[in-house]
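J.: how would this look folded up:
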Amino acid sequence: MDERARTVLSLLPPLAGGWPEKAGAAREIRLRAGCPAQVIGEGGEWLSQEALSADWIERAADALAAHSLYARDEELRQGYLSLADGSRAGVCGRFALEDGRIRRMTAIRSICVRVSRAVRGCADGCMPFLYEEGRPLSALILSAPGLGKTTLLRDAARQFSQGTAWGTGVCTALADERREMAGGGTLDVGPRTDVMEGCPKAEAIRMLVRAMAPRVIATDELGGAEDAGAVMEAVRCGVAVIATAHAPSIEAAKERAALRPLLEAGVFDRIILLAGGVGRVAGIYDGAGCAPMNGGRKVHGYRNETGGLRLADGGLRGARLVRGGLADAARGGPAGAAPGGASSAGGHAGQARASERGDGEDGASAL
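T.: You can find the predicted model right below:
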């Protein structure tokens, strides 16, 4: 059983009949008053035989809040609770308003726990496209909810911090407003990474630029205009920003008020789109969202021992970026790239490592 899922389940009130073994591999645990408990994982879903009472839900929320719901008003007003291990519990129910604004949450009727996991290496297939001459590039990761944006973001930040074949390790900072990316210090985010937790991301980004002088800032779920303004300021200061946002397509992202000015201004050098399943990379594009970075081919991959994504024979050996696309270089050279990201073909980006396709699978890796 996964230790993080076990920890979440151990916090909850007893469930008649107990939790199934498959609950240990849960990605989400959904709890609703008057409905059965729902566990969603890689193998599908499980529903309990009995419905949960409103009292059970209230006790579960109190336990997830470490019996300090009264001290979590600010989080509850935003519809979530942070868990100590970096998992997040979304909450739904009844709110009290004052002058048209949410004052506090008065009753919790639904809880959705998203179990936080670090999947080391899941960003492997994306990293070759996130450097230029050894310099980290800004990137926006897009997907509909629940497809693994945060997991991919966390591993990309770790690799920028650790260093890769395409660039040496650099000072990296996380603007971790909801304490999901670093898991309160329980998740590996790299040896050169500073974490600012519990601070609104726009303020955190500005403070990190001033106080920590990072080369890369990672932040999750860009929302309003304030977030967009802080990202734009950081990039103009010479900091690469890698961020996530909810959007099922690039076209949909361009319709979001907070993202439109960033995309129109070309703030991001790359756009990574997840679609078609958890952790599946549907495409890696230039900052305008026009040119696929792999010359129009999908970034194929398969689940390896660590659950990461590796380039398969739809990937490239000795490739170089040209005008936002890829041009094939000589295929006789060795796979991989020299540290610092110099292409053997003299292009301005690092080489993409090639590997064989496993078990004939098509599509990208699941996180």
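
J.: helix, strand or coil for Glu203?
T.: Using DSSP: H, G, I helix; E, B strand; the rest coil, the structure places Glu203 in helix.

J.: check the gap between Ala252 and Gly289 for me.
T.: 11 Å (CB to CB, to the nearest Å). C-betas here are computed from N, CA, C, even on glycine.

J.: biggest helix in the chain by residues?
T.: helix 149-162 (DSSP state H).

J.: ok, Val209 to Ala234 distance?
T.: Counting by CB to CB - Val209 and Ala234 are separated by 5 Å.

J.: quick one: which of those two has more around it?
T.: The residue with more neighbours, out of Val209 and Ala234, is Ala234; 25 against 20, by other CB atoms under 10 Å.

J.: what's the more buried one in contact with, if anything?
T.: For Ala234, the contacting residues are Ile205, Arg206, Val209, Ile217, Val241, by CB atoms under 8 Å, 6 or more residues apart in numbering.

J.: CA atoms of the longest helix of the chain as PDB?
T.: Listed in PDB are the C-alpha atoms of helix 149-162, where the atom choice follows Å, rounded to 0.1, in the frame of the first residue of the first chain:
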ATOM      1  CA  LYS A 149       0.000  18.900 -13.900                       C
ATOM      2  CA  THR A 150       1.400  19.300 -10.300                       C
ATOM      3  CA  THR A 151       3.300  16.000 -10.400                       C
ATOM      4  CA  LEU A 152       5.000  17.000 -13.700                       C
ATOM      5  CA  LEU A 153       5.700  20.500 -12.400                       C
ATOM      6  CA  ARG A 154       7.300  19.100  -9.200                       C
ATOM      7  CA  ASP A 155       9.600  16.800 -11.100                       C
ATOM      8  CA  ALA A 156      10.600  19.500 -13.600                       C
ATOM      9  CA  ALA A 157      11.500  21.800 -10.700                       C
ATOM     10  CA  ARG A 158      13.500  19.000  -9.100                       C
ATOM     11  CA  GLN A 159      15.400  18.400 -12.300                       C
ATOM     12  CA  PHE A 160      16.200  22.100 -12.900                       C
ATOM     13  CA  SER A 161      17.500  22.200  -9.300                       C
ATOM     14  CA  GLN A 162      19.400  18.900  -9.600                       C
END
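
J.: ok, residues contacting whatever helix or strand comes next after that helix?
T.: Proceeding N to C from helix 149-162, the next assigned helix or strand is strand 163-164, under DSSP states H and E. Strand 163-164 is contacted from outside by Met127, Tyr131, Gly169, Val170, Pro339, using CB under 8 Å, 6+ apart.

J.: again, only using 7 Å
T.: Contact with strand 163-164 is made by Met127, Gly169, as judged by CB atoms under 7 Å, 6 or more residues apart in numbering.
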